[in-house]
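[1] okay, predicted coordinates and the sequence, questions at the end:
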Amino acid sequence: MEKVSTDISRRVELFKLIKMLSYKDNH
C-alpha cells in the first residue's frame, strides 16, 4: 500500500512540474 501512495505522490509532483513548465512557456 505504501508503494502505491509513493507512486501517486511521485505522479503528482511530475504533474505539478509539467504544469509549471507549461505555464512558464505560455507567459
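    Nice, thanks for sending it over. Numbering: from 1, shown residues only.

[2] so where is this protein shaky, pLDDT-wise?
    1 (pLDDT under 70).

[3] switch to 80 and redo it
    The model of the chain has pLDDT under 80 over residues 1, 25-27.

[4] what about the helices in it?
    Applying DSSP state H to the chain gives helices spanning 2-26.

[5] tally of neighbours for Ser9?
    Neighbour count of Ser9, defined by other CB atoms under 10 Å: 10. No exception for glycine: its C-beta is placed from N, CA and C like everyone else's.

[6] ah, wrong one, I meant His27
    Residues near His27, counting by other CB under 10 Å: 5.

[7] all numbers from here: first residue = 513
    Renumbered: residue one is now 513, and that last one reads His539.

[8] how near is Tyr535 to Lys528?
    Computed as CB to CB, to the nearest Å, the Tyr535 to Lys528 distance reads 10 Å.

[9] next: Ser517.
    Ser517 is 16 Å from Lys528, where distance means CB to CB.

[10] what's near enough to touch Thr518?
    Going by CB atoms under 8 Å, 6 or more residues apart in numbering, Thr518 touches no other residue.

[11] roughly how far apart are it and Glu525?
    With the distance defined as CB to CB, Thr518 ends up 11 Å from Glu525.

[12] try Asn538
    21 Å.

[13] one more: Lys531?
    Lys531 is 11 Å from Glu525, by CB to CB.

[14] same question for Leu533.
    The gap separating Leu533 from Glu525 is 13 Å, by CB to CB.

[15] same deal with Tyr535?
    For Tyr535 relative to Glu525 (CB to CB), the value is 16 Å.

[16] kindly report the same for Ser517.
    Ser517 sits 13 Å away from Glu525, going by CB to CB.

[17] if we can go back for a sec, so between Asn538 and Glu525, which is more surrounded?
    More neighbours surround Glu525 than the other of Asn538 and Glu525, with 10 against 6 (other CB under 10 Å).

[18] may I see the buried residues of stretch 529-539?
    Residues of stretch 529-539 classed as buried: none (neighbour count, 16 or more other CB atoms under 10 Å).
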